[in-house]
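Colleague: Structure, please.
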Amino acid sequence: MQWPDHEYLSRLLESCPEIVVAVDKAGIIIYYNEGARHTLHYSAQEVLWRSVVGTLYPSVEEARRVMQAMLESPAHGRICDFETVLRTKEGELVPVVFSGSLLRDETGQVIGSIGFARDLREIRRREQLATMCEIAVSVAHEVNNPLEVITNNLELIERSLNPQRDGQHANANRGRFEAIRAAVERVKTIVHRLDQMAREDTYQTRPYLRDLLMTDLRPRLNGENQIHESRQSEEEHFPLAGMAVLVVDDDLSVVASLADLLRAERCQVYAACRPSDALRLVRDIVQLDLVISDVVMDEMDGCELYMRIKADRPNLPVILTTAYYYDKDHVIKRSRLAGLEHAIFKKPINPARLRELMLKARRQGPLGLPEQPVAQAAKSAD
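Modeller: Okay, here's the model as predicted:
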């Protein structure tokens with residue numbers, strides 16, 4: 001095997017994207033590569049044969065701290081992943097992770113050191129962005145549940161508005177109602193934008209006060225995020241009247257508001273905040289037409305609840321709902337593989353869409369559920 005010559009090794013160091021700097025025993029810079037120039041903005045001519053202290057290190061103390069770590073290293077002068085700070089030509093402090101080694105002559109005397117440093121700014125920015133993405137997903141979930149309650153109650157309030165009864169106050173009340181509805185729609189769109197930015201890893205900013213920026217969560221003016229809700233005509237009256245529906249959600253306020261909405265449709269409503277209670281009701285209630293269940297619950301997820309319901313009552317339709325904007329645990333996907341054909345993914349639920357699915361269940365029976373043994377469905381889910 002032929003070892004590379006010095007010129008080849010020099011080209012390798014020069015093309016390295018990381019910062020590579022070598023100093024002699026007096027701390028004078030004797031090597032400075034292209035990666036260092038790209039990050040620290042000094043040219044080689046500006047730093048070679050100058051002291052590393054005050055040029056690349058912001059202080060004598062910081063340079064001594066790095067050198068002391070190498071001198072005291074149990075690995076014979078080598079250190080790895082040591083965090084320190086370098087300074088750019090413009091004076092900006094750059095956090096770096098440093099790996100270096102003392103250089104010795106044939107007698108073992110220290111004649112200098114060489115170090116490889118990686119800029120931590122981008123790494124930390126990505127870590128912070130990943131954390132913000134997790135926060136964004138959680139915020140979307142926590143906001144969507146109370147939005148579900150507001151949306152359900154708005155639907156009930158709208159039905160109570162009676163122009164003939166309210167007389168001169170009818171228009172004012174209608175205006176207030178529409179203003180609330182518009183504000184709710186705006187919040188829903190903002191939550192959607194927040195979740196979208198978290199998943200796309202990109203975001204826009206806009207000015208906030210002087211020299212400050214804020215994330216731009218304003219709705220985009222295109223058809224993608226506009227919310228269009230179909231409205232049932234008054235002539236349809238109560239097409240869901242008499243349906244027996246079980247509502248399952250570990251958020252009591254969601255259960256209560258959805259139950260009120262369904263009762264306004266003249267449905268017979270049963271409620272459970274625990275999946276185990278829901279399973280008991282499924283076994284005990286003979287006349288049950290539909291189950292509406294949350295996806296993410298502590299006791300068991302929506303897929304497991306769906307599978308257990310199908311084991312007891314194969315033809316009972318189930319609708320799954322979630323306040324998350326994406327199915328991170330593949331609960332919806334697993335349920336569909338097991339035979340669930342229809343689900344409302346996002347809270348707050350569009351009342352018109354929910355009414356449409358329920359009406360389909362009433363008129364056509366189960367929501368497209370295949371008649372297959374539960375064991376076979378479970379196998380498909382795997």
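
Colleague: now the helices for the stretch 101-250 of the chain?
Modeller: Along the stretch 101-250 of the chain, the segments classed as helices by DSSP state H, counting those that start in this stretch run 121-160, 163-166, 170-200.

Colleague: Let's have the ones you listed in a markdown table, adding mean neighbour count.
Modeller: In short, each C-beta sits where N, CA and C put it, glycine included. Formatted as a markdown table, the helices of the stretch 101-250 of the chain follow (neighbours: other Cβ atoms under 10 Å):
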| stretch | mean neighbour count |
| --- | --- |
| helix 121-160 | 16 |
| helix 163-166 | 10 |
| helix 170-200 | 15 |
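
Colleague: so what does the longest strand seen in the chain touch, helix or strand wise?
Modeller: If you go by DSSP state E, the chain has its longest strand at strand 93-104. If contacts are counted by 3 or more Cβ pairs under 8 Å, 6 or more residues apart in numbering; DSSP states H and E, strand 93-104 sits against helix 60-71, strand 78-87, strand 110-119, helix 121-160.

Colleague: of all those, which lies closest to Lys25?
Modeller: When the helices and strands packed on strand 93-104 are compared by Cβ to Cβ, strand 110-119 sits nearest Lys25, at 5.4 Å.

Colleague: The closest one vs strand 78-87, what angle?
Modeller: 70 degrees (axes from the mean of the first three to the mean of the last three Cα atoms, to 10 degrees).

Colleague: Centre of the chain to strand 110-119, how far?
Modeller: Centroid separation for strand 110-119 versus its chain: 39 Å, with Cα atoms, centre = their mean, to the nearest Å.

Colleague: helix/strand/coil for Ile332?
Modeller: What DSSP: H, G, I helix; E, B strand; the rest coil gives for Ile332 is helix.

Colleague: if I look at it, how far off is Ser276?
Modeller: Counting by Cβ to Cβ, to the nearest Å, the gap from Ile332 to Ser276 is 22 Å.

Colleague: Comparing the two, which shows the higher neighbour count?
Modeller: Per other Cβ atoms under 10 Å, whichever of Ile332 and Ser276 has more neighbours is Ile332, with 21 against 11.

Colleague: surely that one meets Ser293?
Modeller: No. The criterion here is Cβ atoms under 8 Å, and Ile332 misses it with Ser293 at 11.5 Å.

Colleague: Residues that sit against both of the two, list them.
Modeller: 302, 320 (Cβ atoms under 8 Å, 6 or more residues apart in numbering).

Colleague: Could I get the full set of helices for the stretch 251-382 of the chain?
Modeller: Here the stretch 251-382 of the chain has its helices, by DSSP H, counting those that start in this stretch, at 252-264, 275-284, 302-312, 331-337, 351-364, 374-381.

Colleague: Kindly reformat those helices as JSON lines containing distance to Arg50 and mean pLDDT.
Modeller: JSON lines is the format used below for the helices of the stretch 251-382 of the chain (distance: least, Cβ to Cβ, whole Å; pLDDT from 0 to 100):
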{"stretch": "helix 252-264", "distance to Arg50": "66", "mean pLDDT": "87"}
{"stretch": "helix 275-284", "distance to Arg50": "69", "mean pLDDT": "93"}
{"stretch": "helix 302-312", "distance to Arg50": "65", "mean pLDDT": "89"}
{"stretch": "helix 331-337", "distance to Arg50": "60", "mean pLDDT": "74"}
{"stretch": "helix 351-364", "distance to Arg50": "69", "mean pLDDT": "81"}
{"stretch": "helix 374-381", "distance to Arg50": "66", "mean pLDDT": "33"}
